[in-house]
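Trainee: just need the structure, nothing else, for what follows:
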Amino acid sequence: MRVRLQYGTDGLDVTVPGREVTVLSPLFVPGLPDEEAAFLEAVRAPLSARPLAEIAGANERVAIVIADVTRPLPSDRLLPWILRELAHVPEDSITIVIGTGSHRATTPGEVQSIVGSAIAGRYKVVNHSAFDPARLAAAGTGIDGQPVLMNREYVSADRRIVVGFVEPHFMAGFSGGYKGVFPGVADIGSIMRYHDAHTIGHPGSTWGVLEGNPTQARIRHDGALAPVDFCVNVTLNRRREITGFYCGEVIAAHEAGCAFSRRTAMVACERPVPIVVTTNSGYPLDQNLYQAVKGMSAAAQIVAPGGYIATAARCNDGFPEHGNFKRLLFDHGSPRALLDTIMAPGFSMYDQWEAQLLAGVLLKARVGLYSELPSENVRRAHLEFIADLEETLSAELERVGADAPIAVLPEGPMTIPYVES
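Mentor: Okay, here's the model as predicted:
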């Protein structure tokens, strides 16, 4: 079967061998015919909140949080519409905060592409830094009883708007909602506690789960410490077209977006399968191996124990090189040794959460990676290097038997696959 995988910006066409190949994709929903009209309708009659234009006075300072370059949020389309609704607020009273969380800073060129050159030239746009105390301010006490710091411009604003998109998430259940704030503009200490081994390892911290999810509970509690006045959430299809707006009070808007995502993204699989092909949904999500763990985790939901996951993720930005993700992988001889280190009492290291999730996948199945990473680095990360995806799949099928089923997730973590039983 010929399948087009989302890979980088151009995609990847692959012939998947076998007599029983099942493609698992989200239900495709066409983009809205008039995105701006739908936006205006949503923000002028929002869920459990005043209209967007009424939330800020002309003499108030406004902070707008958007996602960084690792997320496909169409900020360049959304921000002009949002700012027109706030036209009564002086431009120098508005700050756009790029919610990097613990990721690297957004480059000047990336800022231009994210917000658009016109907005970048007229408005104050700042990168959040979780690591610089001078750029942080106290927001309150977290769900764990510890202090939470957030971006100083965000905390000091009179009104706060969070902009995000709702998609399946391997720890939080779904992205969107307060997640743009926490961990988006939080300090590294709070992010470390949010990603501790116990919370990440909790069975409720998984795809498509909101109730009883300790990760989502922390997001909602700590994200609300500095009150959010308005939420603009969207859902997207594979073409990056907006399929829905969910705007207003944060929880109400988020719940509505999650309900839509659950209906369209959750896909049943009759039984566990020995071979799963996955991606990390192409650009911008597949720029590094750290993010690509999401696509592997999605495949792990349906792979048979001891099975094989073939992952196509470009990883043109490396592991990435900043942080400890690469170090954690390289410094351990096996996934079990890595997991034992992370789960040891008192252990705490930046990036341990992604390494923990990858180790868990690797203890269930072998994982191969087709990417731009050097073969040596792929192997040192405890993955199998794939030079030719079609040849690898043919070899795996020959190993397990020609009649073995193969599942394909061409959009990777945009799909929440689950075994029906």
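Trainee: tell me if I'm right that Thr22 and Ala407 touch.
Mentor: Yes: contact criterion Cβ atoms under 8 Å: Thr22 and Ala407 qualify, at 5.1 Å. C-beta coordinates here come from the backbone N, C-alpha and C atoms, glycine included.
Trainee: give me the common contacts of those two.
Mentor: 269, 273 (Cβ atoms under 8 Å, 6 or more residues apart in numbering).
Trainee: burial count for the nearest residue to Asp144 once chain neighbours are set aside?
Mentor: Computed as Cβ to Cβ, 6 or more residues apart in numbering, the closest residue to Asp144 that is not its neighbour in sequence is Arg193, at 5.8 Å. Arg193 is flanked by 18 other residues according to other Cβ atoms under 10 Å.
Trainee: over to Arg193: give its phi and psi.
Mentor: Taking degrees, to the nearest 10, you get phi -70, psi -40 for the backbone angles of Arg193.
Trainee: Thr22 and Ala407: who's more crowded?
Mentor: Ala407 (27 against 18).
Trainee: the more buried one pairs with what?
Mentor: Under the criterion DSSP bridges, Ala407 forms beta bridges with Thr22, Val276.
Trainee: my read is that it contacts Val273, right?
Mentor: Yes: if you go by Cβ under 8 Å, Ala407 and Val273 touch, sitting 4.6 Å apart.
Trainee: residues in contact with both of these two, list them for me.
Mentor: Contacts common to Ala407 and Val273, judged by Cβ under 8 Å, 6+ apart, are 22, 302.
Trainee: name the single longest helix found in the chain.
Mentor: The residue-count maximum for a helix in the chain (DSSP state H) belongs to helix 250-265.
Trainee: tell me which other helices or strands the helix or strand just after that helix touches.
Mentor: Counting by DSSP states H and E, the next helix or strand C-terminal to helix 250-265 is strand 266-269. Strand 266-269 is packed against strand 416-419, with contacts defined by 3 or more Cβ pairs under 8 Å, 6 or more residues apart in numbering; DSSP states H and E.
Trainee: for the strand it packs on, packing partners?
Mentor: strand 266-269, helix 289-300.
Trainee: deepest in the core, which of those is it.
Mentor: By mean neighbour count, with neighbours taken as mean count of other Cβ atoms under 10 Å, helix 289-300 ranks first of the helices and strands packed on strand 416-419 at a mean of 27.
Trainee: export that one as PDB, just CAs?
Mentor: The C-alpha trace of helix 289-300 is given here as PDB (Å, rounded to 0.1, in the frame of the first residue of the first chain):
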ATOM      1  CA  LEU A 289      14.300  13.700  18.500                       C
ATOM      2  CA  TYR A 290      13.000  15.200  21.800                       C
ATOM      3  CA  GLN A 291       9.700  16.000  20.200                       C
ATOM      4  CA  ALA A 292       9.600  12.800  18.100                       C
ATOM      5  CA  VAL A 293       9.100  10.800  21.300                       C
ATOM      6  CA  LYS A 294       5.400  11.800  21.000                       C
ATOM      7  CA  GLY A 295       4.900   9.900  17.700                       C
ATOM      8  CA  MET A 296       6.700   6.900  19.200                       C
ATOM      9  CA  SER A 297       4.400   7.000  22.300                       C
ATOM     10  CA  ALA A 298       1.300   7.100  20.100                       C
ATOM     11  CA  ALA A 299       2.500   4.000  18.300                       C
ATOM     12  CA  ALA A 300       3.300   2.300  21.600                       C
END
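Trainee: what's in contact with the following helix or strand past that helix?
Mentor: Following helix 289-300 in sequence order, the next helix or strand is strand 303-312 (DSSP H and E). Applying Cβ under 8 Å, 6+ apart, the contact partners of strand 303-312 are 5, 7, 12, 14, 272-280, 292, 295-296, 299-300, 361, 364-371, 383, 386, 389, 392-393, 396, 400.
Trainee: go on, stretch 169-177?
Mentor: 71, 162, 164-168, 179, 200, 205-210, 213, 215-216, 219-220, 223, 231, 233, 246, 250-251, 253-254, 257-258, 261-262, 293-294, 297-298, 353, 357, 413.
Trainee: which of the helices or strands spans the spatially closest residue to Glu384 that is not a sequence neighbour?
Mentor: With Cβ to Cβ, 6+ apart as the criterion, Glu384 has its nearest non-adjacent residue at 4.1 Å, and that residue is Gly368. Assigned by DSSP H and E, Gly368 belongs to strand 366-370.
Trainee: paired strands for that strand, with orientation please.
Mentor: Partners of strand 366-370 in the sheet, by DSSP bridges, are strand 303-312 (parallel), strand 384-385 (parallel).
Trainee: format these as CSV; extra columns: mean neighbour count and mean pLDDT.
Mentor: Shown next, in CSV, are the strands paired with strand 366-370 (neighbours: other Cβ atoms under 10 Å; pLDDT from 0 to 100):
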stretch, mean neighbour count, mean pLDDT
strand 303-312, 22, 98
strand 384-385, 16, 98
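Trainee: nearest to Ser117, out of these?
Mentor: strand 303-312 (32.6 Å; Cβ to Cβ).
Trainee: and the next element down the chain from the closest one?
Mentor: helix 325-330.
Trainee: show me which residues of stretch 121-132 are buried.
Mentor: 123, 125-130 (16 or more other Cβ atoms under 10 Å).
Trainee: and which of these is nearest to Val155?
Mentor: Closest approach between these and Val155, by Cβ to Cβ: His128, at 11.4 Å.
Trainee: pretty sure that closest one sits against Asn151.
Mentor: Yes: shown here, His128 and Asn151 form a contact pair, counting by Cβ under 8 Å, at 4.7 Å.
Trainee: where do the contact lists of the two overlap?
Mentor: Residues touching both His128 and Asn151 (Cβ under 8 Å, 6+ apart): 97, 135, 185.
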